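Participant: One predicted model, sequence on top.
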Amino acid sequence: MKLAGIVRRIDELGRIVVPKEIRKTLHIKNGENLEIFMNDDQIILKKYSELSNLTELSDTITETLNTYLKENVLLSDTDKFISISGPLKKKYINEEISETILKYMNERKNVILKNKKINITKDKTENSNIIISPIIAGGDEKGAIIVISDKELTTNNIDMINLLSKVLAKHIES
């Protein structure tokens with residue numbers, strides 16, 4: 001555990017302010033949820049990910065897309081990859097997503113990159129056809145389905161990827 005060395009006073013309503021530097025580092029935006037845990041005499045705050053609570057559905061979606069497309073399928077929340085199917089699974093599972101992927105996610109539109117070199121994580125790149133389909137629920141980006149392919153995908157394939165992003169968004173909202 002990294003110690004920040006920051007002291008905050010609890011106000012009369014029991015609130016504390018999470019310092020801006022920590023919120024920025026963890027990509028915590030105003031209005032986002034945090035999980036609160038107790039461990040002996042410690043209080044632990046953790047950024048809450050709706051997608052990590054849908055593990056079974058996320059795994060089913062990545063496995064189904066991988067079986068159908070025969071390509072690498074990665075599903076991320078706004079911090080890290082949470083479900084992957086295909087040969088790249090060991091390379092990326094539980095890795096933090098790159099700022100580039102987060103930027104595309106924040107644009108809230110589908111991105112199709114043809115034969116482009118892109119940072120998938122901070123220090124790992126792929127040079128392929130890449131589709132990024134953001135998962136938007138309740139007006140906020142919650143993650144993305146990312147397909148990394150050696151071949152160009154058809155319009156029908158891309159439509160299916162986008163449809164499954166919307167299915168995950170509906171599950172988050174319900």
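Facilitator: Arrived safely, thanks for sending. Residues are numbered from 1 along each chain as shown.

Participant: Relative to residue 39, how far out is the residue positioned nearest the centre of the chain?
Facilitator: Geometric centre of the chain, nearest residue: residue 77, 1.8 Å, by C-alpha atoms, centre = their mean. Note on residue 77: its distance to residue 39, by C-beta to C-beta, to the nearest Å, is 23 Å. (Each C-beta comes from the backbone N, C-alpha and C, glycine too.)

Participant: got it, and residue 51?
Facilitator: For residue 51 relative to residue 39 (C-beta to C-beta), the value is 24 Å.

Participant: Likewise for residue 126?
Facilitator: 37 Å.

Participant: Those two - which one has more neighbours?
Facilitator: residue 126 (21 against 7; other C-beta atoms under 10 Å).

Participant: ok now do the more buried one, which residues does it touch?
Facilitator: 88, 117-118, 120, 148 (C-beta atoms under 8 Å, 6 or more residues apart in numbering).

Participant: out of these, which are buried?
Facilitator: For the contacts of residue 126, a neighbour count by 16 or more other C-beta atoms under 10 Å gives the buried set as 88, 118, 120, 148.

Participant: Format those as CSV; extra columns: pLDDT and distance to residue 155.
Facilitator: Formatted as CSV, the buried ones among the contacts of residue 126 follow (pLDDT from 0 to 100; distance: C-beta to C-beta, whole Å):
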residue, pLDDT, distance to residue 155
88, 94, 24
118, 93, 21
120, 95, 24
148, 96, 18
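
Participant: How is the chain divided into domains?
Facilitator: Here the domain parsing of the chain from automatic domain parsing is 1-48, 51-173.

Participant: Now do the contacts for the nearest residue to residue 100 once chain neighbours are set aside.
Facilitator: Closest residue to residue 100 apart from its sequence neighbours, by C-beta to C-beta, 6 or more residues apart in numbering: residue 119 at 4.9 Å. Residues in contact with residue 119 (C-beta under 8 Å, 6+ apart) are 98-101, 125.

Participant: what does residue 62 give?
Facilitator: Applying C-beta under 8 Å, 6+ apart to residue 62 gives the contacts 73-75, 83-85, 145.

Participant: what do you get if the cut-off is 7 Å, keeping everything else the same?
Facilitator: Going by C-beta atoms under 7 Å, 6 or more residues apart in numbering, residue 62 touches 73, 75, 83-85.
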